[in-house]
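Peer 1: sharing a sequence plus its predicted fold:
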Amino acid sequence: MIYTRFNHAMDSAMIWQYGPDAQVVTVGSTAGDPATGGKFGPLNWDEFTRDLIVASHFSRVLGVYSLEGCVQQGFLSRLTTMDWDRTVTIPAEANSKAIHLRARIQSVLWTASHIAYLLAVLVLLDAGPTYFSMRKRAHP
């Protein structure tokens, strides 16, 4: 699931970055209170269809979160006449932000999955000099 609603300014760039590695792409979110403003409000029709078109480049099966939001906003009836051949342009700045965000996410995940090894190395680096200096004193 790729929720572009959490950063409307990033456009569909996250879908473009993660799409090639996905078997199915789920876009959203279309639900929520539109009064929350542009940053975290639900996707509007243009954003929603843009995300669907970009996602369709990577998967024949697309998911939508949430169908209730689509009903509330009147999207379901409009999907039957949607222009799937519409050209979509993802700004270079949005793509650059998505690349950097993905790299940060991968760094955090890598660090979290290797934390035990990192802590062991830190303990050895901290305790090593003490251990060897005590050993030298014990065996002159």
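Peer 2: Looks like it arrived, so ask away. From a predicted model like this one, the values you see are computed outputs, not experimental measurements.
Peer 1: which residues in the chain form strands?
Peer 2: 2-3, 25-28, 62-65 (DSSP state E).
Peer 1: just these: most buried one?
Peer 2: strand 25-28 (a mean of 22; mean count of other Cβ atoms under 10 Å). Bear in mind the C-beta positions are built from the backbone N, C-alpha and C, glycine included.
Peer 1: for Ala13, what are its contacts?
Peer 2: 90-91, 94-95, 97-98 (Cβ atoms under 8 Å, 6 or more residues apart in numbering).
Peer 1: excluding chain neighbours, what is closest to it?
Peer 2: Ala98 (3.6 Å; Cβ to Cβ, 6 or more residues apart in numbering).
Peer 1: nearest to Asp46, of the strands of the chain?
Peer 2: strand 25-28 (13.1 Å; Cβ to Cβ).
Peer 1: kindly reformat the strands of the chain as CSV containing distance to Thr111 and mean pLDDT.
Peer 2: Formatted as CSV, these follow (distance: least, Cβ to Cβ, whole Å; pLDDT from 0 to 100):
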stretch, distance to Thr111, mean pLDDT
strand 2-3, 23, 74
strand 25-28, 27, 86
strand 62-65, 29, 88
